[in-house]
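Participant: with the input below, show me the fold.
(chains A and B)
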Amino acid sequence: MPKVRKGVEVSIAIADAVAQADTDVIAAYPITPQTHIVEHLSEIVANGELDAEFVPVDSEHSAMSVCCGSSAVGARTFTSTSSQGLALMSEIFFIAAAMRLPMVMALANRSLSSPLSIWNDHTDTMMVRDAGWVHIFVENGQECYDNIFCSYRMSEDPEVRLPVAINLDGFILTHMIEPIEYEDDETIRKYLPPFTMINALHPDNPVSMGCFGMPEIYTETQMNREHGIRNSYPVILKAWDEWGKLTGRYYRPVETYRADDAEYCIVTMGSYGETAMEVVDTLRAEGEKVGVVKIRLWRPFPYDEIRAALLGKKSLVVIDRAISFGGPGGPVASELRSALYQKKGAPTIVNYVAGLAGRDVSRKDFRNIILEGKEKARRGETEGFTLYGLRG
Amino acid sequence: MKKIFSRPECLKPTPFHYCPGCGHSILHRLVAEVIDEMNLRGRIIGIPPAGCAVLAYDYFDIDMCEAAHGRGCAVATGFKRSRPECIIFTYQGDGDMAAIGTAETLHAANRGENITSIFVNNAVYGMTGGQMAPTTILGQKTTTSPFGRRSNVEGYPLKITEIISTLPGAAYVARTSLATPAKVMATKKTIKKAFETQLAGLGYSLVEVLSPCPTNWKISSIESFKYLEERLELEYPLGVMKEVTTEKGS
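Facilitator: Take a look at the predicted model:
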């Protein structure tokens, strides 16, 4: 693959990146809107362009189990799913992280049943928020392509050895045709070394994995997991930094737009960041001192960068794409409240949940949310959340 | 003038969303006719699949409850055990029945749950865009077997119906096809027989219906019926595989 800029569906670009990364094993079960990623990979493998095992398994539960097996013996492993598929594989999803098995997942975010819906929001990923995976959110096709390589780097680093999920908004990104810059194979080879699994399963060097944990040891294993994911933070930064040096495209755990001198900010995750920037430009022209803060790294949660970006602002309007029923509001707002609580200069936080199951959130809606949210903050209406656009 | 043909009462006057040439529309009508003829409408509960027929409740004017992909027979078990006077059926595709829901289906049949499954086999995952199913026949091209299914890589067509016919809990197991008008009529009789098996409390009943999918087979409707008869029926022979006529002891 030469370095080239081309118009391509984001799902196809993801599959191409997985192939360029010389992935060894792909196991998946079809689910909308993930299908094009896996279909294209099956073509690439069938064409002989990638020497990999493509396993069209019977369910997502099996898909994640296959991935655990292939990763445990040291194969570079990829899968992709959405929504109900993620729910079905959730049992093994947790185990993959606990057993420190490197792999990369393209998680095409989609709402959960019921009611049955195939459209985009973040309820699926929030279900596995605490599983111990590294979670990255992307907002366009280029970021999807780039982060396949970055994710393998993070995931397979001996200091990390954790599975990484790239969260991309279903349909909004998966089915979008965008101009995407492909890197040449040489650059990829330079950036991403072959996967060497320490303590891989092999009869020559016996190890035991996934053993029974009695009460005497279970607690310690959980602390080990906590250390593991927290220690991944510097490796994640380094992986993004080196990718930036090679390609000119840099990523940070928290990214800001016109936020430095902003009095208040809108906080988003995923593809909404692009709309937010557009709307903030318009509002700035009208004299509103507003900026955008985008959370790219969801787990491990980037506390320092969040505090650096947000302390000192008057208020935040946080858009969530999922509800924590009976809980503190949206999960992102909840996390921010926790991260900023009792810190000097902590802003007032107003939480909106919007765009559930693909309900369109237009520029006009963003404008409404930002301006209404600012007023709510001024009035001190910070309890709970507002479900934007709720009818009836 | 005598009226000799009308829409079944339990089929709403809603236009089907199915692709031209799809078998679901025919099969929906057959199921509806049987429900009417057996006068089951007041006590039947259907479980639609995740798959092309996910919107079955938009067409059937009976109680229906969606199950998660593959879980139809488990949900049906819950209904039937709590409401044994009701007639319970699942309507499932090959992904639902023979891939993601194999465990639920097999074990419901093995427990001899007194429920009925109507299993639509079109040898492809229709709704998600024509990926390979466990029932895809060797050599068949799909979006995840672009050069045709190979036994050494993707394995063999899974004959879930034959497997279920070996289980003691299964009372009536049959395979039919929608390839010709005569086979359509035979399918209707088979569905009726399956519901009668349930009414008689004999155990699990399963009707596999071979059905065309011209959209994902990427051939015309007419060709798809030919493919169904000449290729699919060869791999999946039609007929009654098991029929229990007396109730078993405990």
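
Participant: please list the residues of chain B that sit near chain A.
Facilitator: Residues of chain B that fall close to chain A, judged by CB under 8 Å from any CB of the partner chain: B:50, B:54, B:66, B:68-70, B:95, B:99-100, B:102, B:125, B:127-129, B:131-132, B:134, B:143-147, B:154. Glycine gets a C-beta too; all of them are placed from N, C-alpha and C.

Participant: any quick ChimeraX command for the buried ones out of these?
Facilitator: For the buried members of the residues of chain B next to chain A, the matching ChimeraX selection, counting by 16 or more other CB atoms under 10 Å in any protein chain shown, is:
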select /B:50,54,66,68,69,70,95,99,100,102,125,127,128,129,131,132,134,143,144,145,154
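
Participant: how far out from the middle of the chain is stretch B:66-78?
Facilitator: Relative to the chain's own centre, stretch B:66-78 is displaced by 14 Å; criterion: CA atoms, centre = their mean, to the nearest Å.

Participant: one more: stretch A:162-171?
Facilitator: 4 Å.

Participant: so how far does it reach from one end to the other?
Facilitator: With CA to CA, to the nearest Å as the measure, stretch A:162-171 spans 27 Å from end to end.

Participant: do that stretch and chain B meet?
Facilitator: No. Using CB under 8 Å from any CB, stretch A:162-171 stays clear of chain B, with a minimum separation of 12.9 Å.

Participant: ok, now stretch A:173-188?
Facilitator: No. Judged by CB under 8 Å from any CB, stretch A:173-188 and chain B are separated, with a smallest distance of 11.5 Å.

Participant: all helices of chain B, in order?
Facilitator: In chain order, chain B shows helices spanning B:24-37, B:72-82, B:94-98, B:102-110, B:151-154, B:160-165, B:181-199, B:214-217, B:221-227, B:233-235, with DSSP state H as the criterion.

Participant: chain A too?
Facilitator: For chain A, helices defined by DSSP H occupy the ranges A:10-20, A:35-46, A:60-72, A:83-98, A:123-127, A:141-156, A:185-191, A:215-247, A:272-285, A:303-310, A:331-340, A:363-379.

Participant: now for these, which one comes closest to A:Ala357?
Facilitator: A:Ala357 lies closest to helix A:123-127 among the helices of chain A, at 8.3 Å (CB to CB).

Participant: distance from the chain centre to the closest one, please.
Facilitator: On CA atoms, centre = their mean, the centre of helix A:123-127 falls 11 Å from the chain's centre.

Participant: check stretch B:230-238 too.
Facilitator: Mean C-alpha position of stretch B:230-238 versus that of the full chain (CA atoms, centre = their mean) differs by 16 Å.

Participant: CA atoms only for that stretch, dumped as CSV, please.
Facilitator: C-alpha atoms of stretch B:230-238 as CSV (Å, rounded to 0.1, in the frame of the first residue of the first chain):
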residue,chain,number,x,y,z
GLU,B,230,-32.2,-27.4,-7.7
ARG,B,231,-29.5,-26.6,-5.2
LEU,B,232,-30.8,-26.0,-1.8
GLU,B,233,-33.3,-28.9,-1.8
LEU,B,234,-30.4,-31.1,-2.9
GLU,B,235,-28.4,-30.2,0.2
TYR,B,236,-31.5,-30.1,2.5
PRO,B,237,-33.8,-32.9,1.5
LEU,B,238,-37.5,-32.3,2.1
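
Participant: now that stretch: mean pLDDT?
Facilitator: The average pLDDT for stretch B:230-238 rounds to 98.

Participant: buried residues of that stretch, list them for me.
Facilitator: Neighbour-count burial for stretch B:230-238 [16+ other CB under 10 Å]: B:Leu232, B:Glu233, B:Glu235, B:Tyr236, B:Leu238.

Participant: and for stretch A:364-384?
Facilitator: Buried-residue list, stretch A:364-384, by 16+ other CB under 10 Å: A:Asp365, A:Phe366, A:Arg367, A:Asn368, A:Ile369, A:Ile370, A:Leu371, A:Gly373, A:Lys374, A:Lys376, A:Ala377, A:Thr382.

Participant: what's the closest of these to A:Asp184?
Facilitator: For the buried residues of stretch A:364-384, the nearest to A:Asp184 is A:Phe366 (37.6 Å; CB to CB).

Participant: need the helices of chain A in JSON lines with mean pLDDT, can you?
Facilitator: Shown next, in JSON lines, are these (pLDDT from 0 to 100):
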{"stretch": "helix A:10-20", "mean pLDDT": "98"}
{"stretch": "helix A:35-46", "mean pLDDT": "97"}
{"stretch": "helix A:60-72", "mean pLDDT": "98"}
{"stretch": "helix A:83-98", "mean pLDDT": "98"}
{"stretch": "helix A:123-127", "mean pLDDT": "98"}
{"stretch": "helix A:141-156", "mean pLDDT": "98"}
{"stretch": "helix A:185-191", "mean pLDDT": "97"}
{"stretch": "helix A:215-247", "mean pLDDT": "97"}
{"stretch": "helix A:272-285", "mean pLDDT": "97"}
{"stretch": "helix A:303-310", "mean pLDDT": "98"}
{"stretch": "helix A:331-340", "mean pLDDT": "97"}
{"stretch": "helix A:363-379", "mean pLDDT": "98"}
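
Participant: so for B:Glu208, which of those helices sits nearest?
Facilitator: That would be, of the helices of chain A and by CB to CB, helix A:60-72, which comes in at 22.7 Å.

Participant: please tell me how far the closest residue to A:Leu173 other than its chain neighbours sits from chain B.
Facilitator: Nearest non-adjacent residue to A:Leu173, counting by CB to CB, 6 or more residues apart in numbering or on different chains: A:Val10, 4.9 Å away. Going from A:Val10 to chain B by CB to the nearest CB, to the nearest Å gives 16 Å.
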